[in-house]
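# A predicted structure for the sequence below; I have some questions about it.
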Amino acid sequence: MSDLLTFEVSYNGSLTENHRIDLYDVSRSIMGFHRSLAITTHLLLNEKIITKSTSLKNAHIYALPHEEGSWKMKIVIALGSTIGAGLLAPQNSALGHMVFSAYDYVISESLGVHVDYNKSLGKLYEENKIKNIPIIHQHQLDMVIDKCNNSIIDMHRPIYKSESADKTIIKGFLNDKEMKFSSELSIDSFTYLNEEVVLENVVSITGIITSFSATNYSGRIELPEIDRPIPFRLDREVKTDKNFEKLIESLKNKVLKKGTPTNITMDVQIVQTKKKKIKTYIVKKIWENSL
């Protein structure tokens, strides 16, 4: 068994300044952290999305002792003996970077902070060829985001419930090198997760599908005028096999990067926060012929 990556979770502000935090809320927060990290790690190692954190295979997540006089917790991911024996130290380092980049993507994209897959995890896959480790695509990580939504809300409990912390900062450590997340947990990120304002007007959008799940009728679309893929969910009348085929065809061309990208034109309602940041689209219609 070999250590792959260490995370540091620190709770700051409010009661934590006196080295105290609500016990129930921090336990729920750590459970949310464990589940979202286990699901992400399992996908990278086994190319399968699990629903229970206890189903994690080929790796273990351990808690390390608290730092005295603070509310920091360190958590280490250790590779199981099956996969750990086959990886040399340089490969461990590359795999650690991949797990960190994937988890950064899952958490940050959930909070509305864009992480460019091609410049983070995609680039690491190009630079490091590790045998027996599957290549995980952007649309698979987007499916993890959907699975982890409630866990990421739970990670905010010390902030929004007992208010015993003001924010939570997550860092990664690999070979003593610190790696910072693209986002942090705060009351603003909690509000983003929970706040939804549905606009009445229907508008038309055209873009390329970056992820889609026929199981939960949702996905993400990349628009030229917006700097991040936007989640969407299909309304009842749009859930047809014909529309599924259109969405999957656009996704396939995006993933395989072959030929001309396939545009999809949709009529949608916009769901946004009170501060007018777009959260998702409700798809009311998919055009027969896209623009």
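Okay, I see it.
# Just the strands from the stretch 1-150 of the chain, written as ranges.
Taking DSSP state E, counting those that start in this stretch as the test, the strands found in the stretch 1-150 of the chain are 2-12, 59-63, 72-79.
# Please produce CSV containing those, extended by mean neighbour count.
From N, CA and C alone the C-beta is placed, and that goes for glycine too. Below are those laid out as CSV (neighbours: other C-beta atoms under 10 Å):
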stretch, mean neighbour count
strand 2-12, 20
strand 59-63, 16
strand 72-79, 19
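# of all these, which lies closest to Leu223?
Nearest to Leu223 among the strands of the stretch 1-150 of the chain is strand 2-12; the distance by C-beta to C-beta comes to 32.7 Å.
# Show me what the closest one is packed up against.
helix 23-46, strand 72-79, helix 89-110, strand 167-174 (3 or more C-beta pairs under 8 Å, 6 or more residues apart in numbering; DSSP states H and E).
# Which strand in the chain has the most residues?
Looking across the chain with DSSP state E, the single longest strand is strand 197-213.
# which residues touch the helix or strand just after that strand?
Using DSSP states H and E, the next helix or strand after strand 197-213 towards the C-terminus is strand 218-222. With C-beta atoms under 8 Å, 6 or more residues apart in numbering as the test, strand 218-222 has contacts from 139, 142, 146, 205, 207-213, 229-234, 247, 251, 254, 264, 266, 281.
# after strand 218-222, next one along is what?
strand 230-234.
# so that next one versus helix 89-110, what angle?
Per axes from the mean of the first three to the mean of the last three C-alpha atoms, to 10 degrees, the angle that strand 230-234 makes with helix 89-110 is 60 degrees.
# taking the mean pLDDT, what do you get for strand 230-234?
The average pLDDT within strand 230-234 is 95.
# Please enumerate residues in contact with it?
With C-beta under 8 Å, 6+ apart as the contact definition, strand 230-234 has outside contacts at 142, 216-221, 223, 243, 266, 268, 278-283.
# Try it again at 7 Å.
Here strand 230-234 makes contact (C-beta atoms under 7 Å, 6 or more residues apart in numbering) with 217-221, 223, 268, 278, 280-283.
# Just put these in JSON lines and tack on pLDDT.
Converted to JSON lines, these look like this (pLDDT from 0 to 100):
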{"residue": "Tyr217", "pLDDT": "92"}
{"residue": "Ser218", "pLDDT": "93"}
{"residue": "Gly219", "pLDDT": "93"}
{"residue": "Arg220", "pLDDT": "93"}
{"residue": "Ile221", "pLDDT": "95"}
{"residue": "Leu223", "pLDDT": "95"}
{"residue": "Val268", "pLDDT": "98"}
{"residue": "Ile278", "pLDDT": "94"}
{"residue": "Thr280", "pLDDT": "95"}
{"residue": "Tyr281", "pLDDT": "97"}
{"residue": "Ile282", "pLDDT": "97"}
{"residue": "Val283", "pLDDT": "98"}
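# filter the residues you listed to the buried ones?
Buried members of the contacts of strand 230-234, counted by 16 or more other C-beta atoms under 10 Å: 217-221, 268, 278, 280-283.
# Could you identify the most distant pair in those residues?
Maximum distance among the buried ones among the contacts of strand 230-234 (C-beta to C-beta): 19.0 Å, for Tyr217 and Ile278.
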